[in-house]
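Asker: Got a predicted structure here, sequence first:
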Amino acid sequence: MKIVVHVVVVVVVVVVVVAVVPYTVVIVVVVAVVVVKVVVVVVVVVVVVVVVVVVVVVVVVVVVVKVVIVVHVVVVVIVVVVVVIVVVVVMVVVVMVVVVIVVP
């Protein structure tokens, strides 16, 4: 039962991060680039979004700690961190493409 809970939590966290973060970051970045056209603002926005995502993930993990054993929590944390890193890298690439190609 604990393994099922672990798998469900991992899937839910991954789906939420992958489904919500890219669209939010892209929309905010495009608006910031179009309105301000300053790379610094874009980077700050991406960092803020990433911080918010990490805080949400930490809260989820804290809740999961009460349900799942420590080993499973470690796996959840590792998976979430990897997903967040991948999403951030993709978003940085998108930002750079928008700033370098679209804006000029």
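Answerer: Nice, I can see it.

Asker: Residue 50 contacts residue 84, correct?
Answerer: Yes - with contacts counted by CB atoms under 8 Å, residue 50 reaches residue 84, the gap being 7.0 Å. Where C-beta positions appear, they are placed from N, C-alpha and C, glycine not excepted.

Asker: neighbours of residue 84, just the number please.
Answerer: Close neighbours of residue 84, defined as other CB atoms under 10 Å, add up to 19.

Asker: Could you tell me the phi and psi values at it?
Answerer: phi -60, psi -40 (degrees, to the nearest 10).

Asker: how about the nearest residue to it, chain neighbours excluded?
Answerer: With sequence-adjacent residues excluded and distances taken as CB to CB, 6 or more residues apart in numbering, residue 84 is closest to residue 53, at 5.9 Å.

Asker: So the one you found: helix, strand or coil?
Answerer: At residue 53, secondary structure determined by DSSP: H, G, I helix; E, B strand; the rest coil is helix.

Asker: helix or strand for residue 75, which one?
Answerer: In the assignment (DSSP states H and E), residue 75 maps to helix 70-97.

Asker: Just the mean pLDDT for that helix, thanks.
Answerer: Helix 70-97 shows a mean pLDDT of 73 in the predicted model.

Asker: and it, what does it pack onto?
Answerer: Other elements packing on helix 70-97 under the criterion 3 or more CB pairs under 8 Å, 6 or more residues apart in numbering; DSSP states H and E are helix 2-35, helix 39-65.

Asker: so what's the residue lying closest to residue 79 once chain neighbours are set aside up against?
Answerer: Once flanking residues are discounted, residue 79 sits nearest to residue 10: 5.3 Å by CB to CB, 6+ apart. Neighbouring residues of residue 10 by CB atoms under 8 Å, 6 or more residues apart in numbering: 75-76, 79-80.

Asker: Taking those together, which two end up most distant?
Answerer: With CB to CB as the measure, no two of the contacts of residue 10 lie farther apart than 75 and 80, at 9.6 Å.

Asker: and the two? which has more neighbours close in?
Answerer: Neighbour totals were compared for residue 75 and residue 80, and residue 80 leads with 23 against 15 (other CB under 10 Å).
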